[in-house]
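Asker: Structure for this input, please:
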Amino acid sequence: MKRKFILILVLFLFTGCAPLTYRTNSAFDTYFKEKKRVLVLSPDMKIYKLTAGGVDQYQEDWSFESNKYMKDEIKSELDSFKTIDFAYLDTNSLGQADKQFIDEQKSIYYTVASSVVVHTYEPALLMKHKLKDFDYTMGIELSEIKNIQDAEVILFVSGRNYIWTAGRASLAFLSGAVGLFTGVYLPVPAGKELLAASLVDVKTGDILWFNYLAMPGDMRMEKTVRRLSKKLFRDFPEEWRDTVRWELRKEQGNE
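Answerer: Numbering: from 1, shown residues only. Predicted coordinates for the structure are as follows:
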């Protein structure tokens, strides 16, 4: 009986949390036929403590560690893509106004990414026309980043993680137990967790490539971040990993 209850509870809490496929703008395939200069921003990872009462409390130390792990893993993953010209933005050398601009663009990206998730991934609110015609944009203001560092494409990585307190975990357990015996389930929300990465055109602000992982797990842990980064960049075009195949593709395109 206990084993059955645990299985039902796990299915109840985590059904539908598997990552879905990536999204691309209609211009994606032709856009990257030529080598592009991609500016990689530092990741925007924020971790919160979620209480039994549903209050989220930002955890600066946890977020700092998660950002550090993700930054290292992003570079490790991107090193395998030999046909893209990556540059990494050093925010330590920026003035206050430029830092503020970068932070604003990260916030805009997170807002747009959240909308992408809601309307092209979640079945209940899925907009088929958005899935078919993937045309999300951050706006042309992004082009001002050229005043900071020259680039044609920006890589954004953004994540949100909610760590339950013991009180909230107990509440979820009790809710599941009540549901099992009464048939009436009162779900305990896990928090709007996500991990998303995008390639964004600097000139237009259009999102060219978008990938998303739902319910990523405990992103305070280095091994979790490593696993997630591999999944996140698994769907980068495979030919970008291989210079020989890239040159062959260019030759075929010129025939």
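Asker: Number of residues surrounding Asp29?
Answerer: Residues near Asp29, counting by other CB atoms under 10 Å, number 11. The C-beta positions use only the backbone N, C-alpha and C, and glycine is treated the same way.
Asker: quick one: secondary structure of it?
Answerer: Using DSSP: H, G, I helix; E, B strand; the rest coil, the structure places Asp29 in helix.
Asker: Tell me how far it lies from Trp209.
Answerer: Per CB to CB, to the nearest Å, Asp29 is found 10 Å from Trp209.
Asker: swap in Ala87?
Answerer: 18 Å.
Asker: now do Phe28
Answerer: Counting by CB to CB - Phe28 and Trp209 are separated by 6 Å.
Asker: Lys35 too?
Answerer: 16 Å.
Asker: of these two, who's got more company?
Answerer: A count of neighbours by other CB under 10 Å puts Trp209 above the other of Lys35 and Trp209, at 21 against 13.
Asker: and the closest residue to Phe233 other than its chain neighbours, which of the three is it?
Answerer: With sequence-adjacent residues excluded and distances taken as CB to CB, 6 or more residues apart in numbering, Phe233 is closest to Glu77, at 4.4 Å. Recorded secondary structure, Glu77: helix (three-state DSSP).
Asker: Next one: Gln59, what pLDDT does it get?
Answerer: In this model, Gln59 is scored at 94, pLDDT.
Asker: Can you get me a residue count around it?
Answerer: 17.
Asker: what about it, distance to Tyr110?
Answerer: According to CB to CB, Gln59 and Tyr110 sit 17 Å apart.
Asker: Please apply the same query to Tyr48.
Answerer: Separation of Tyr48 from Tyr110 (CB to CB): 14 Å.
Asker: So for those two, which residues contact both of them?
Answerer: Arg160 (CB atoms under 8 Å, 6 or more residues apart in numbering).
Asker: I'd like to know how many residues surround the closest residue to Asp85 other than its chain neighbours.
Answerer: Setting aside the residues directly before and after it, Asp85 is nearest to Arg37 in space (CB to CB, 6+ apart), at 4.9 Å. Neighbours of Arg37 under the rule other CB under 10 Å: 14.
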